[in-house]
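Trainee: My questions concern the predicted model and sequence given below.
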Amino acid sequence: MKKVCVITGSSGLVGSESVEFFSEYFDVIVGIDNNMRMYFFGKEASTEWNKLRLLNSIKNFKEYDIDIRNIKELESLFKEYGSDIKLIIHAAAQPSHDWAAKEPVTDFTVNANGTLNLLEMTRIHCPEATFIYTSTNKVYGDNPNFLPLVELESRWEINQSHQYFKNGIDENMSIDKTKHSVFGASKVSADIMVQEYGKYFGMNTGVFRGGCLTGPKHSGTQLHGFLSYLMKCAITGDKYIIFGYKGKQVRDNIHSWDLVNMFWHFHQNPRKGEVYNAGGGRFSNCSMFEALRICEDITGRKMNYEYSETNRIGDHVWWVSDVSKFKSHYPEWTYKYNLLDILTQIYYANIKNEK
Ligand SMILES: NC(=O)c1ccc[n+]([C@@H]2O[C@H](COP(=O)([O-])OP(=O)(O)OC[C@H]3O[C@@H](n4cnc5c(N)ncnc54)[C@H](O)[C@@H]3O)[C@@H](O)[C@H]2O)c1
């Protein structure tokens with residue numbers, strides 16, 4: 001009996017990191033990706049380079065050009081591997097909240113229906129497997145923007161007396177009665193379904209609500225891939241536009257390797273329908289201006305940027321994930337890469353022109 005791991009979005013940032021990571025632990029890695037990222041964001045965001053890199057370097061990797069909206073094609077793949085499938089990492093998505101408003105139906109069918117298709121295939125063909133879903137902090141909508149924030153010189157920060165000051169925002173924040181953006185709403189639908197397949201059907205499902213997920217394997221573009229795109233502009237001199245909040249908005253940033261290592265810990269001792277905030281937390285976060293300065297330090301040149309007063313709809317002013325719940329369930333997990341490591345790696349990947 002072979003041990004198989006199925007990874008959707010296998011040419012993307014999280015998917016490709018998962019392919020490399022899990023190729024050590026499984027006999028066969030089955031990737032699913034139809035390069036829809038190029039349809040969403042244009043040629044510069046194509047993930048074809050990453051697919052070819054993986055096919056050339058990972059011996060036990062098989063890739064399928066399947067659209068996760070196509071349940072018939074998914075069915076024949078799940079039938080082929082059946083109960084040999086022990087782990088599913090579902091990372092294929094339409095990932096941008098700006099883009100979602102252009103084509104809400106496409107966004108919803110990829111993010112919500114696509115996830116349901118995969119859950120059903122898992123329930124029918126390999127119900128004992130672990131199912132991991134990469135959700136997002138956008139499921140909390142703009143609720144974080146109503147926290148008591150104070151303006152500091154280079155960033156917004158939460159009031160020191162608030163319970164979230166020490167570790168960041170935990171999973172108890174409401175996902176209800178808030179403006180999610182169209183993207184946030186499709187991700188909430190999927191997030192809830194993944195929980196439900198754990199709670200109702202008793203399957204091993206885990207929801208990881210990402211902050212900014214990042215790393216050198218991101219095909220960064222203006223609408224998605226914050227640090228990757230910022231560094232690209234820092235190197236090329238292309239203009240970077242900062243949208244609103246005085247450029248002091250704070251995001252936490254987790255290296256895709258650290259996230260995938262969370263998946264690995266979860267898979268070894270899975271729970272049913274569990275939810276975790278998964279970001280850089282207090283360990284790795286920055287404001288837009290702070291990130292810009294670090295890019296300038298690394299490249300040794302001034303960035304070409306412009307400030308636009310209008311913020312992105314539903315964008316967070318301050319987001320720092322509290323990962324204490326995950327750490328309490330999986331105490332051996334810890335971060336490996338901080339913000340400087342991440343930006344330095346992205347810089348060298350661009351310089352080597354891997355993309
Ligand atoms: N990158 C972030 O900052 C971030 C933050 C929070 C959550 N997330 C979530 O994490 C997951 C992975 O994000 P990422 O940054 O790796 O995205 P990515 O765009 O780099 O990778 C997603 C991959 O999925 C593929 N894909 C898209 N639609 C598909 C379809 N219909 N069928 C098959 N393949 C399809 C794309 O071609 C792409 O290669 C997504 O669910 C995203 O919403 C990302």
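Mentor: Cool, got the structure. Residues are numbered from 1 along each chain as shown.
Trainee: Any idea how many residues pack against the closest residue to the ligand within the stretch 201-350 of the chain?
Mentor: Taking C-beta to the nearest ligand atom, the ligand has its nearest neighbour within the stretch 201-350 of the chain at G210, 3.1 Å off. C-beta here means a position set from N, CA and C on the backbone, and glycine is covered the same way. Other residues lying near G210 total 25 when counted by other C-beta atoms under 10 Å.
Trainee: you'd agree Y140 is up against N172?
Mentor: No: between Y140 and N172 there is no contact under C-beta atoms under 8 Å: 10.4 Å.
Trainee: Can you give me the first-to-last residue distance of stretch 204-217?
Mentor: Stretch 204-217 has an end-to-end distance of 28 Å (C-alpha to C-alpha, to the nearest Å).
Trainee: Any idea how far it is from the middle of the chain?
Mentor: With C-alpha atoms, centre = their mean, to the nearest Å as the basis, the distance from the averaged C-alpha position of stretch 204-217 to the chain average is 4 Å.
Trainee: model confidence over that stretch, on average?
Mentor: Averaging the model's pLDDT scores along stretch 204-217 yields 95.
Trainee: Tell me which stretches of the stretch 151-300 of the chain form helices.
Mentor: For the stretch 151-300 of the chain, applying DSSP state H, counting those that start in this stretch gives helices covering 181-199, 226-236, 256-268, 288-299.
Trainee: okay, the longest one in PDB with CA atoms only?
Mentor: Listed next in PDB are the C-alpha coordinates belonging to helix 181-199 (Å, rounded to 0.1, in the frame of the first residue of the first chain):
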ATOM      1  CA  SER A 181     -15.500  41.500   0.900                       C
ATOM      2  CA  VAL A 182     -16.800  39.100  -1.800                       C
ATOM      3  CA  PHE A 183     -13.600  37.000  -1.400                       C
ATOM      4  CA  GLY A 184     -14.000  36.900   2.400                       C
ATOM      5  CA  ALA A 185     -17.500  35.600   2.000                       C
ATOM      6  CA  SER A 186     -16.500  32.800  -0.400                       C
ATOM      7  CA  LYS A 187     -13.700  31.800   2.000                       C
ATOM      8  CA  VAL A 188     -16.100  31.900   5.000                       C
ATOM      9  CA  SER A 189     -18.400  29.400   3.200                       C
ATOM     10  CA  ALA A 190     -15.500  27.100   2.600                       C
ATOM     11  CA  ASP A 191     -14.100  27.500   6.100                       C
ATOM     12  CA  ILE A 192     -17.500  26.600   7.600                       C
ATOM     13  CA  MET A 193     -17.900  23.600   5.400                       C
ATOM     14  CA  VAL A 194     -14.500  22.200   6.300                       C
ATOM     15  CA  GLN A 195     -15.400  22.600  10.000                       C
ATOM     16  CA  GLU A 196     -18.700  20.900   9.300                       C
ATOM     17  CA  TYR A 197     -17.100  17.900   7.700                       C
ATOM     18  CA  GLY A 198     -15.100  17.500  10.900                       C
ATOM     19  CA  LYS A 199     -17.900  18.200  13.400                       C
END
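Trainee: What distance do you get for V19 to G82?
Mentor: 21 Å (C-beta to C-beta, to the nearest Å).
Trainee: more neighbours, these two?
Mentor: A side-by-side neighbour count of V19 and G82, using other C-beta under 10 Å, places V19 first with 29 against 11.
Trainee: What's the per-residue pLDDT of that one here?
Mentor: The per-residue pLDDT reported for V19 equals 98.
Trainee: does it sit in a helix or strand, and which one?
Mentor: Applying DSSP states H and E as the criterion places V19 in helix 13-22.
Trainee: tell me what that helix is packed against?
Mentor: In terms of contacts (3 or more C-beta pairs under 8 Å, 6 or more residues apart in numbering; DSSP states H and E), helix 13-22 is packed against strand 4-8, strand 28-32, helix 48-57, strand 85-90, strand 212-214, helix 256-268.
Trainee: As TSV, the ones you listed with distance to the ligand and mean neighbour count would be great.
Mentor: Converted to TSV, the helices and strands packed on helix 13-22 look like this (distance: least, C-beta to the nearest ligand atom, whole Å; neighbours: other C-beta atoms under 10 Å):
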stretch	distance to the ligand	mean neighbour count
strand 4-8	6	28
strand 28-32	6	24
helix 48-57	7	16
strand 85-90	7	26
strand 212-214	4	27
helix 256-268	7	21
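Trainee: and D98, which of the ones you listed is closest to it?
Mentor: When those are ranked by proximity to D98, the top entry is strand 212-214, at 14.9 Å, counting by C-beta to C-beta.
Trainee: Does F183 touch W99 like I think?
Mentor: Yes: counting by C-beta under 8 Å, F183 touches W99, with 7.5 Å between them.
Trainee: any common contacting residues for these two?
Mentor: Residues touching both F183 and W99 (C-beta atoms under 8 Å, 6 or more residues apart in numbering) are D107.
Trainee: Since that was my last question, I'll sign off now.
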